[in-house]
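Visitor: only the shape, not the letters, is given here:
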């Protein structure tokens, strides 16, 4: 841990904080971009809103204060974990979110792991097979990677829930209910990862060290598992930003298709009812997650790939 | 979405798929693209029926010769609806990409041509936008401006702007500092002129690749927002709306949802293949 490393870590963290501040500013602007008066948005479409009630809302939310004061107040409350109030349900947004975080996390994490497993298995199996097998896998991966996850979800439901009732259909909870939503997200993810990983595996396979392993008499499977596979997995780290982004977007669609509880369903409900504080908070949280994971991955990169450490030392 | 990933690929793609096979893919892709364009412009070429004709005596018919994609819960012919839906579904995606590319060119060129301060501020702004997953940024825009096809296109387009802006800025940055642009500037050519005449053509190659693949992503995203109930209103044969409709009848009539989805897959696959093909040619 030298000063240079610390400086690098510090700079990376500062950049992350700067982006998050920008994201929070943007969501504050979004809150104020809604056409019409903010007080009207809070009161909703009800026609019973009396002038007194309106005045009450303006006072409660502090809407009569200068925008700059409201902005600083917004940033301050975000820092203390106060995420605002839902217009529709009149309760703190963090209370609305509390029950929804876990199901979404379960889905996203299991999909990420399953996607990685699918990619690794596909790449290892096809590495051992001949040219025909590899071409077939390449075509299959291209098709699966292009399939929209919402459609894949519907096809999986049709096949494995209605035609062959192996898995529960929509609205199910528990482990078995997690299988189809997970596969819906994991299959396109795995196919995309496999495409990039195979490319990397073939590059490693042409490297001098692969030749020397072969010269020592090691079999092809051993070469892949013990030597070249670790080279192939590094793109998964490079692509982590894309993976996280597509999983966050994907859970929104999949939760709604499978009628699973979670942040994604809460978000779409809020978009429908124009409950802007809920929308901005969820969108901001997704940005926080995104930035956090990417910063961590970025910092861990030299730990995962020793070649980068050597480069930086030079 | 996969735009970022494709950028990655532009840099790392191996010279695979060269020669005859590549030409075959290009030919097949172009033919398919022409077919999609024809369907979009003249849907009546491929079907005699109208998309909104209901027939209560013929509901939930499975695919047959008279109804190749079956009929839906109101007895409407799913094939006719898919064909007529091409226009709205494709136009939403194309509109989104035009907004994304237009915004990206504007932001990227200004950033590359302006001084360090403006460049720094604009690119930090792009960084902030990139921190939001695209679909969520689009949802935020829809929450503010409301639902409907035009708004969905605008939302998806705006969400794509930072990706295109970063690409344009990166490509233009080097070109602007090249000697011939320097010469043009020395001759007193105004910025808007050397930017459009000299810099933009040099950015066009990668932009076309990304726009082609981005159109596929945008069509997918638009269908996704429709499924969530944010697209065009009910009787519209938009593909995403049809999927959402068919979702209720998966157990009894899978064809109502499956065929519109297959149309999305076909379009996305064609655009992705074409985009990569052009890209592979450019690298060679």
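Guide: Nice, I can see it. Small disclaimer: the values here were computed from a predicted structure and weren't measured. Residues are numbered from 1 along each chain as shown, chains lettered A, B, ... in the order given.
Visitor: can you show me the helices along the stretch 1-150 of chain B?
Guide: B:3-12, B:20-41, B:78-113, B:116-130, B:134-145, B:149-176 (DSSP state H, counting those that start in this stretch).
Visitor: out of the ones you listed, which comes closest to residue A:108?
Guide: In this view, the helices of the stretch 1-150 of chain B are compared for proximity to residue A:108 by Cβ to Cβ, and helix B:134-145 is the closest at 13.4 Å. (C-beta placed from N, C-alpha, C; glycine too.)
Visitor: what residues does the stretch 51-200 of chain B put near chain A?
Guide: Counting by Cβ under 8 Å from any Cβ of the partner chain, the residues of the stretch 51-200 of chain B lying close to chain A are B:124-125, B:127-129, B:131-137, B:139-140, B:142-145.
Visitor: so how do I select the buried members of these in ChimeraX?
Guide: In ChimeraX, this line selects whichever of these come out buried by 16 or more other Cβ atoms under 10 Å in any protein chain shown:
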select /B:125,127,128,129,131,132,133,134,135,136,137,139,140,142,143,144,145
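Visitor: on that earlier part again, among the helices of the stretch 1-150 of chain B, which comes closest to residue A:143?
Guide: Of those, the one closest to residue A:143 (Cβ to Cβ) turns out to be helix B:20-41, at 13.7 Å.
Visitor: what is the rounded mean pLDDT of stretch A:154-171?
Guide: The pLDDT scores in stretch A:154-171 average 82.
Visitor: need the residues that contact that stretch.
Guide: When contacts are defined by Cβ atoms under 8 Å, 6 or more residues apart in numbering or on different chains, stretch A:154-171 is touched by residues A:176-177, A:179-180, A:183-184, A:257-260, B:243, B:246-247, B:250-251, B:254, B:257-258, B:261.
Visitor: now do the contacts for residue A:226.
Guide: For residue A:226, the contact set (Cβ under 8 Å, 6+ apart) comprises residue A:218.
Visitor: what about residue 176, neighbour count?
Guide: Unless you meant another one, I'm taking chain A. The criterion is other Cβ atoms under 10 Å in any protein chain shown. On that basis, residue A:176 has 11 neighbouring residues.
Visitor: not quite, go with chain B.
Guide: For residue B:176, the neighbour count with other Cβ under 10 Å is 19.
Visitor: could you double-check that it lies in contact with residue B:113?
Guide: Yes. Contact status for residue B:176 versus residue B:113: in contact at 5.8 Å, counting by Cβ atoms under 8 Å.
Visitor: what residues do the two have in common as contacts?
Guide: Overlap between the neighbourhoods of residue B:176 and residue B:113 consists of residue B:199, taking contacts as Cβ under 8 Å, 6+ apart.
Visitor: show me the shaky parts of the stretch 101-250 of chain A.
Guide: A:170-174 (pLDDT under 70).
Visitor: now do the helices in it.
Guide: In the stretch 101-250 of chain A, helices defined by DSSP H, counting those that start in this stretch lie at A:131-146, A:149-157, A:175-205, A:208-215, A:220-223, A:229-238, A:240-257, listed in chain order.
Visitor: Serialize the ones you listed to a markdown table and add fields for distance to residue B:225.
Guide: Formatted as a markdown table, the entries for these read as follows, by distance: least, Cβ to Cβ, whole Å:
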| stretch | distance to residue B:225 |
| --- | --- |
| helix A:131-146 | 19 |
| helix A:149-157 | 10 |
| helix A:175-205 | 17 |
| helix A:208-215 | 46 |
| helix A:220-223 | 45 |
| helix A:229-238 | 29 |
| helix A:240-257 | 9 |
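Visitor: out of the ones you listed, which gets nearest to residue A:41?
Guide: helix A:240-257 (22.6 Å).
Visitor: tell me who's in contact with the residue in the stretch 151-284 of chain B positioned nearest to chain A.
Guide: Closest contact between the stretch 151-284 of chain B and chain A, by Cβ to the nearest Cβ, is at residue B:261 (3.4 Å). When the contact criterion is Cβ under 8 Å, 6+ apart, the partners of residue B:261 are A:148, A:150, A:151, A:154, A:155, B:239, B:243.
Visitor: how close does it sit to residue A:177?
Guide: Using Cβ to Cβ, to the nearest Å, we find residue B:261 at a distance of 22 Å from residue A:177.
Visitor: picking up where we left off before, output the contacts of residue B:261 as a markdown table; include the columns neighbour count and distance to residue A:63.
Guide: Putting these into a markdown table (neighbours: other Cβ atoms under 10 Å in any protein chain shown; distance: Cβ to Cβ, whole Å) gives the following:
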| residue | neighbour count | distance to residue A:63 |
| --- | --- | --- |
| A:148 | 26 | 41 |
| A:150 | 27 | 38 |
| A:151 | 27 | 43 |
| A:154 | 25 | 44 |
| A:155 | 17 | 48 |
| B:239 | 32 | 42 |
| B:243 | 26 | 41 |
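Visitor: out of the residues you listed, who's nearest residue A:24?
Guide: Of all those, residue A:150 has the smallest distance to residue A:24: 30.2 Å, by Cβ to Cβ.
Visitor: I figured that closest one hits residue B:243, correct?
Guide: Yes. With contacts counted by Cβ under 8 Å, residue A:150 reaches residue B:243, the gap being 6.9 Å.
Visitor: quick one on the thing from earlier: the residue of the stretch 151-284 of chain B closest to chain A: which element?
Guide: Here residue B:261, judged by DSSP states H and E, is contained in helix B:255-283.
Visitor: buried set for that helix?
Guide: Judged by neighbour count using 16+ other Cβ under 10 Å, the buried positions of helix B:255-283 are B:255-265, B:267-280.
Visitor: what's the answer for stretch A:137-155, then?
Guide: Within stretch A:137-155, the residues that qualify as buried are A:137-138, A:141-142, A:144-155, counting by 16+ other Cβ under 10 Å.
Visitor: so what's the closest residue to chain B within the stretch 1-150 of chain A closest to, chain neighbours aside?
Guide: With Cβ to the nearest Cβ, the shortest gap between the stretch 1-150 of chain A and chain B falls at residue A:22, namely 3.4 Å. Among residues not flanking residue A:22 along the chain, residue B:128 sits closest, at 3.4 Å (Cβ to Cβ, 6 or more residues apart in numbering or on different chains).
Visitor: residues touching that neighbour, list them.
Guide: Applying Cβ under 8 Å, 6+ apart, we find residue B:128 in contact with A:19, A:22, A:23, A:25, A:26.
Visitor: how about the contacts made by the last one?
Guide: Same thing as residue A:26. In this structure, residue A:26 makes contact with B:128, B:129, B:132, judged by Cβ under 8 Å, 6+ apart.
Visitor: could these go into a markdown table alongside pLDDT?
Guide: A markdown table is the format used below for the contacts of residue A:26 (pLDDT from 0 to 100):
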| residue | pLDDT |
| --- | --- |
| B:128 | 92 |
| B:129 | 92 |
| B:132 | 90 |
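Visitor: pretty sure residue A:152 is touching residue A:187, no?
Guide: Yes. With contact defined as Cβ under 8 Å, residue A:152 reaches residue A:187; the gap is 6.2 Å.
Visitor: ok, residue 41 - contacts?
Guide: No chain was given, so I picked chain A. Residue A:41 neighbours (Cβ under 8 Å, 6+ apart): A:34, A:87, A:274, A:276.
Visitor: the intended chain is chain B.
Guide: Contacts of residue B:41 by Cβ under 8 Å, 6+ apart are residue B:87.
Visitor: in PyMOL, how would I select the buried members of the contacts of residue B:128?
Guide: Here is the PyMOL command that selects the buried residues among the contacts of residue B:128 (16+ other Cβ under 10 Å):
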select buried, chain A and resi 19+22+23+26
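Visitor: where does residue A:147 fall, phi/psi-wise?
Guide: Note on residue A:147: its backbone torsions stand at phi -80, psi 130 [degrees, to the nearest 10].
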